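>>> any chance you could fold what I've pasted below:
(one chain, ligands or ions: 1)
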Amino acid sequence: MRVETLGDGRPEIAVVGGIHGDEPAGVRAVERLMADRPEVARPVKLVVANEEAIERGERYVEADLNRSFPGRADGRSHEIRLAHELGEELRDCVTLALHTTQSYGGMFALVDEVRELAREVCPRLSIDAVVETGHAEGRIFEVAPETVEVECGYQGSDTATENAHRVVREFLAATGALPDEGAPRQADLPVFRLGDPVPKAAAEEYEVFVENFEEVVAGETIATADGEPVIAEEDFHPVLLSAYGYEDVFGYTAERVGTLSD
Ligand SMILES: [Zn+2]
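All right, here's what the predicted structure looks like:
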């Protein structure tokens, strides 16, 4: 894990990339800040998390880091130990954690639940939606509840790298570390609450027919697995849905619960 600080004093703001080793956008955005070292009004901790996985170009070495929190100092896997170390670094920090997906080209935020931080920060980010994960075991929120995760676009794309860089600047402006450039706030960001996964049977070829965040109605064909249709049992909004993004699930169902200003 690489940790650097911008500015003087004990940081209460953190930006983390490389929680997943095969998502270079966040790593590049953090490394760029480490190199540029902009003048900050409040100290900022910069973290490249899973260097071993990044070196291998793999999501993780032994276990998904974002399912390994709170972790343990003497844990049995690299990621369980790393989760503990990262938790120590992020204690008391308002944190931006950068990710990318195989499911969506734009940006959206994930929080455990919408509280003051999300209401304050999210309207100032170039995101399309806010997703509440609820209490999902093992995620970063277990150690750093004041975290906003942002999915920056398609894994490995140049757009995701540009998005990551932009959202870091926006987050640092929203938290008072960089000057507020007076960018307009988004008025009606939609909020979705994550529900059950959409299971995926073992098959060679998968296809997805619905768009993330756009309502699917019961009876609609969501996807196929080797030509076998997967039918929606009830109305929902898909989130993180893609043909090949996860091994056992296509993605998740979600409910649209309103907007951030509700
Ligand atoms: Zn990720």
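
>>> for stretch 227-244, buried residues please.
By neighbour count on 16 or more other C-beta atoms under 10 Å, the buried set for stretch 227-244 is Val230, Ala232, Phe236, His237, Pro238, Val239, Leu240, Leu241, Ser242, Ala243. For the C-beta atoms, the positions are set from N, CA and C on the backbone; glycine is no exception.

>>> so that stretch, near the ion or not?
No. Judged by C-beta under 5 Å from the ion, stretch 227-244 and the ion are separated, with a smallest distance of 10.3 Å.

>>> from the chain's centroid, how far away is that stretch?
21 Å (C-alpha atoms, centre = their mean, to the nearest Å).

>>> can you list contacts of it?
Contact partners of stretch 227-244, identified using C-beta atoms under 8 Å, 6 or more residues apart in numbering, comprise 101-104, 131, 151, 192, 194-195, 198, 200-201, 203, 205-208, 210-224, 246, 250-256.

>>> gap between the two ends of that stretch?
One end of stretch 227-244 sits 15 Å from the other (C-alpha to C-alpha, to the nearest Å).

>>> where's Asp128, which helix or strand?
Using DSSP states H and E, Asp128 is not contained in any helix or strand.

>>> for it, give its distance to the ion.
Separation of Asp128 from the ion (C-beta to the ion, to the nearest Å) stands at 17 Å.

>>> that residue contacts Phe213, doesn't it?
Yes. Counting by C-beta atoms under 8 Å, Asp128 does reach Phe213; the two are 6.9 Å apart.

>>> who touches both of those two?
Phe108, Pro190.

>>> turn the buried residues of stretch 227-244 into TSV, including pLDDT and secondary structure.
Formatted as TSV, the buried residues of stretch 227-244 follow (pLDDT from 0 to 100; DSSP: H, G, I helix; E, B strand; the rest coil):
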residue	pLDDT	secondary structure
Val230	96	strand
Ala232	96	coil
Phe236	98	strand
His237	98	strand
Pro238	98	strand
Val239	97	strand
Leu240	95	coil
Leu241	96	coil
Ser242	96	coil
Ala243	96	coil
